[in-house]
Every structure is written in structure tokens, then in C-alpha cells.
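build the 3D model from these lines:
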Amino acid sequence: RTGTDTRHMVYLNTPTTDVVTNNNNYYFNNNDAKNFVGYLGSNDFATLLNWQTTLNDTNSVANDPLYENIANGNFKPTNASVNDLGAALTSPIAIDILGEARKVLTPDMGAYEFEPDLCKVPPVAGISVASESPICENATVYLSLSEYSTGKGQTYTWQASTDSLGSYANISSPLTNSTFSVNASSTLYYRAEVTCGSSTTYSIPVAVKVIPGLAGGTYTINKEGLGDFKSFNEAVAAMSCGITSSVIFNVAPGTGPYEEQVIIDSIRGTSATSTVTFNGNGNTLKFSSTNTDERAVITLRRADFVTFDSLTIDAAGNGAYGWGVFLTNNADSNTIKNSTINIPQSSTTANYAGIVIAASSSDPSSVGDAFSDGNIFDNNTIKGGYYGIAAMGGNNAFNANNIFRNNTIQDFYEYGIYISRSQNNTIE
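I've put the predicted structure just below:
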């Protein structure tokens with residue numbers, strides 16, 4: 001269905017739970033970026049394969065059930081690839097929703113017990129479908145079929161080629177399930193070899209274009225167009241498929257202000273030895289927010305090993321909200337240093353703050369699991385705001401090992417430094 005909110009098939013709010021999920025069918029009929037198979041603790045899992053890394057649903061599948069007649073409310077599956085995949089129960093349920101007898105050892109998932117027809121010769125192989133293209137290098141792509149026939153005894157062998165009309169090599173064994181996942185390391189064409197008895201047909205291939213990460217090195221941000229990127233956000237977009245090694249973005253001196261909001265999510269390839277650095281060189285990054293859920297000039301959400309150095313971060317405009325830097329949702333090992341953060345000095349509410357670590361995107365003092373650890377804030381000057389610095393952890397997980405060092409905090413309304421539910425932090 002449509003909507004602006006994210007959608008999860010399974011939502012487990014705490015990272016540790018005794019809830020067991022298995023023997024399910026998780027199928028989306030579109031590739032909306034807001035669709036997720038699961039949520040655990042504070043993390044979204046977009047695909048079944050991602051979700052299975054949490055050790056949930058190891059016997060589950062992601063197949064179109066091919067319901068008999070949705071328009072008439074008949075949701076009985078017909079796809080053989082979802083047949084007999086339910087779990088045997090200690091106390092078996094004898095009949096299904098229509099009064100049909102249930103199998104004891106291999107019942108079907110859901111309300112209906114069904115028996116698919118035998119596959120037909122020749123099988124209709126249909127059209128190959130990729131969950132995403134283009135896709136980032138080494139990301140997982142789900143392959144499936146549309147407009148194909150199904151039936152008991154039918155198998156699917158996935159193949160790949162560098163040329164749509166070239167020779168194809170098998171990348172899977174014969175499967176009873178028409179879906180298959182592959183780690184996309186290079187641009188390839190994919191098709192399925194569909195077999196019923198001695199008859200074999202081939203699906204129309206699909207191309208999956210692979211985009212590599214940004215090459216390590218030094219780049220220039222210059223809004224006049226005399227560098228590699230015209231804005232911070234152009235530089236961030238260039239890392240949408242990650243980085244291959246450390247990258248440095250030097251902002252050309254004297255080219256500010258840069259009037260933009262910078263939101264950085266997890267960057268593939270970052271580590272203690274593969275980092276991202278923005279050298280501001282005294283330039284100003286300026287933004288005044290009117291969005292209660294995105295209040296900060298700079299947001300690090302799940303981002304790790306990112307540094308902002310020698311930058312003026314200006315949230316002192318006329319917007320309803322003004323946070324300088326916001327870290328949340330497992331933003332770890334980041335550094336903000338040698339920078340000036342300007343917040344309205346007339347502010348009297350929590351809508352305005354210099355640096356915020358919190359789970360909530362609207363209340364720095366709201367208790368919640370931000371999971372943001374090992375960050376460094378060094379030699380910064382923070383002016384104005386209700387809070388100079390606010391760091392709030394949760395009841396399940398305290399923020400830990402954050403360092404606040406050599407910072408000057410001026411003209412705040414209520415709190416210079418407000419820290420709660422945190423441990424092993426350094427303030428000096």
C-alpha cells in the first residue's frame with residue numbers, strides 16, 4: 001500500500017527478545033525504499049537475507065504466493081514454491097480455514113492448506129526481475145520471476161552472463177524456489193533456466209548494473225564549480241555506494257557560505273583505517289530548519305568514522321528549529337573538531353542546541369537508545385542554544401566512551417552540558 005511511513009513485516013523493538021520468527025513468507029509486490037522485512041533493536045533490515053543475519057527466519061522464503069483471486073477475496077496460494085513450508089506444531093491444527101485437512105509434518109503457511117497442480121510442459125519461464133538496479137558493488141540483489149508458470153516438480157536454475165545474448169553460466173543449483181539472491185560484484189545479465197520434466201525454457205534476462213564505491217583520495221568542494229563537487233551534499237551523494245579507502249573533502253577556502261542541510265547515513269567501507277574527512281578550512285555551513293524531525297545542520301545517522309574539521313556550523317537563522325550537530329542510531333567513532341557552532345542566542349526552548357546525541361529527533365532530553373559511542377568533540381566553540389551539548393542514552397543501552405574535550409560553551413539558556421544515561425564519557 002502507499003504511504004509516507006516506513007513499513008516492517010516484523011518489528012521487534014528490543015535487541016534481545018524471546019520471540020521466535022520462522023517458516024514465513026515475506027513478499028513485497030514492489031521495491032519501495034520504505035519497505036523493510038524486519039526491525040530489531042534500532043536497525044532496519046530491507047531484505048530477507050539481511051534479516052536472516054539476525055538468526056531469525058532461517059527457514060522462511062520471499063515468494064509471490066500467486067493468490068487464486070485477490071479481487072474476489074480468495075487468498076489461497078497457488079505457487080508451488082511456498083507449498084509445505086510451514087512448521088510442524090507440537091499440537092497440530094487439524095483443518096484449515098475451509099475445513100480441509102492439514103498435513104501434520106509439512107503444513108502450509110497461513111490459513112489455507114493447498115496442493116499445487118503438477119508443472120506443465122513446456123514451462124513458461126517469464127521475465128527475470130531484479131530487486132534493484134543500479135546497485136552498489138557487493139550489495140545483495142534478489143532475483144525473481146514474473147509472468148511465469150508454476151507447478152509441482154518445476155525447478156529453477158539461475159544463470160549469469162556479461163552479455164544478454166552471450167553464453168550463460170549457472171550460479172545456482174536447481175531450485176524449487178524461483179527466487180535467488182546474489183552478491184553483485186560486477187555488472188551482469190541474469191536469467192532463469194526453468195525445467196519441468198525433460199522440458200526447459202529460459203526467462204527474459206535482466207541487467208543488474210553495479211556501481212563501485214568512491215575511490216579513496218582527496219577531493220575539493222567548491223560551489224563555484226572549480227572543484228570536484230559544488231556542495232557538501234554532492235560529496236555525500238558520491239559516497240552512496242561507499243568508499244574504497246579513506247577520502248578527504250577539502251572545502252576551498254573563502255568559498256562559503258554553503259547553505260544546505262547535510263544528512264549522512266551509514267557509509268559502506270568506513271572503518272578505523274578507512275575514514276571520511278571534511279576539512280572546512282574556515283568556511284560556513286548554514287541551514288535553518290522548519291522540519292521538526294530534521295532539526296540539525298549536520299546529522300550523522302548510523303554513520304561511523306566521519307570527521308568535520310575547521311568549519312563554522314550556523315543554525316542561527318529564522319527557522320523554528322536549530323541544532324548544530326545531531327548524532328543518532330549507532331553513529332559511532334565520529335569527530336567534530338576545531339569548529340564554531342552558532343545557535344540563536346535568544347533561544348529559550350529545546351528546539352535549539354549545539355550538539356545533540358539522542359534517539360529522539362525532536363527532544364534532546366527524551367530517554368531512548370541512541371547507541372552512539374566513541375565520538376570525539378574537540379576544541380569547538382558553541383554559542384547560544386537552550387543546550388550547549390546534550391547527550392541522552394536509553395534504559396536498555398547507555399551511550400559510552402564519548403569524549404568532550406577543550407570545548408568553549410557560551411551564552412546557553414539552560415544547560416551548558418547535559419548528559420544522562422551515559423557511561424565512560426570524558427569531559428575535560
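
where's the closest residue to S361 other than its chain neighbours, which helix or strand?
Spatial nearest neighbour of S361, excluding adjacent residues (C-beta to C-beta, 6 or more residues apart in numbering): D293 at 4.9 Å. To be clear about C-beta, it is placed using only N, CA and C from the backbone, and glycine gets the same treatment. Here D293 sits in a region with no helix or strand, counting by DSSP states H and E.

quick check: phi and psi on D293?
The phi and psi values for D293, taken as degrees, to the nearest 10, are phi -90, psi -10.

my read: it touches S360, true?
No: using C-beta atoms under 8 Å, D293 makes no contact with S360, being 9.8 Å away.

so which of those two has more stuff around it?
Each of D293 and S360 has its neighbours counted (other C-beta atoms under 10 Å); S360 has more, 15 against 9.

ok, and the closest non-adjacent residue to that one?
S366 (3.8 Å).

what's the burial count for the one you found?
Look at S366: counted by other C-beta under 10 Å, it has 13 neighbours.

could you check how far it is from N425?
The gap separating S366 from N425 is 19 Å, by C-beta to C-beta, to the nearest Å.

the residue nearest to G213 when sequence neighbours are not counted - how many residues pack around it?
Excluding the flanking residues, the one nearest G213 by C-beta to C-beta, 6+ apart is G242, at 3.7 Å. Applying other C-beta under 10 Å, we find 19 residues neighbouring G242.

surely G242 meets G269?
Yes: in this structure, G242 is within contact of G269 by C-beta under 8 Å, at 3.9 Å.

which residues touch the residue lying closest to L66 once chain neighbours are set aside?
Once flanking residues are discounted, L66 sits nearest to N79: 4.2 Å by C-beta to C-beta, 6+ apart. Counting by C-beta atoms under 8 Å, 6 or more residues apart in numbering, N79 makes contact with N63, D64, P65, L66, P116, T150.

how many residues are close by the fifth one?
Neighbours of P116 under the rule other C-beta under 10 Å: 19.

ok, it to V82 distance?
The separation that P116 has from V82, given C-beta to C-beta, amounts to 9 Å.

where does the stretch 1-150 of the chain dip in pLDDT?
1-2, 31 (pLDDT under 70).

ranges for the strands of it?
Counting by DSSP state E, counting those that start in this stretch, one finds strands in the stretch 1-150 of the chain at the ranges 7-12, 35-40, 43-45, 127-130, 135-136, 139-146.

ok, the third one: who's next to it in the sheet?
Its sheet considered, strand 43-45 pairs with strand 35-40 (antiparallel) by DSSP bridges.

next one: the last one
Under the criterion DSSP bridges, strand 139-146 sits next to strand 127-130 (antiparallel), strand 180-184 (antiparallel) in its sheet.

using a markdown table, lay out these together with mean neighbour count and distance to G227.
Shown next, in a markdown table, are these (neighbours: other C-beta atoms under 10 Å; distance: least, C-beta to C-beta, whole Å):
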| stretch | mean neighbour count | distance to G227 |
| --- | --- | --- |
| strand 127-130 | 20 | 35 |
| strand 180-184 | 18 | 31 |
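
tabulate the ones you listed (JSON lines), appending distance to S372.
As requested, those are exported to JSON lines (distance: least, C-beta to C-beta, whole Å):
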{"stretch": "strand 127-130", "distance to S372": "35"}
{"stretch": "strand 180-184", "distance to S372": "30"}
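
among those, single out whichever gets nearest to A160.
With respect to A160, and counting by C-beta to C-beta, the nearest of the strands paired with strand 139-146 is strand 180-184 at 7.7 Å.

show me what the closest residue to L188 other than its chain neighbours is bridged to.
In space, and not counting its chain neighbours, L188 is closest to A160: 4.7 Å by C-beta to C-beta, 6+ apart. Assessed by DSSP bridges, A160 has beta-bridge partners A169, Y190.

doesn't T187 make contact with A160?
No: A160 lies out of contact with T187 (C-beta under 8 Å); the separation is 10.5 Å.

so between those two, which is more surrounded?
The residue with more neighbours, out of A160 and T187, is A160; 18 against 15, by other C-beta under 10 Å.

for that one, give me its contacts.
Here A160 is in contact with Y168, A169, I171, V182, L188, Y189, Y190 (C-beta under 8 Å, 6+ apart).

part of a helix, is T218?
No: assigned with DSSP: H, G, I helix; E, B strand; the rest coil, T218 falls outside any helix and is strand.

I figured it hits V251, correct?
No: between T218 and V251 there is no contact under C-beta under 8 Å: 11.9 Å.

neighbour count: those two, which is higher?
Shown here are T218 and V251; by other C-beta under 10 Å, V251 has more neighbours (28 against 12).

if I pick that one, what's in contact with it?
So V251 contacts T220, I221, N222, Y258, F278, N279, G280, N281, N283, L311 (C-beta under 8 Å, 6+ apart).

which ones are touching the residue most central in space within the chain?
In the chain, the C-alpha closest to the average C-alpha coordinate belongs to D44, at a distance of 6.0 Å (C-alpha atoms, centre = their mean). Listed by C-beta under 8 Å, 6+ apart, the contact set of D44 reads T6, H8, F36, G38.

which of the contacts of A160 tops the neighbour count?
Using other C-beta under 10 Å as the neighbour criterion, Y190 leads these with 25 neighbours.

and that one, what does it touch?
S128, A130, L143, W158, Q159, A160, I171, V182, P205, V206, V208.
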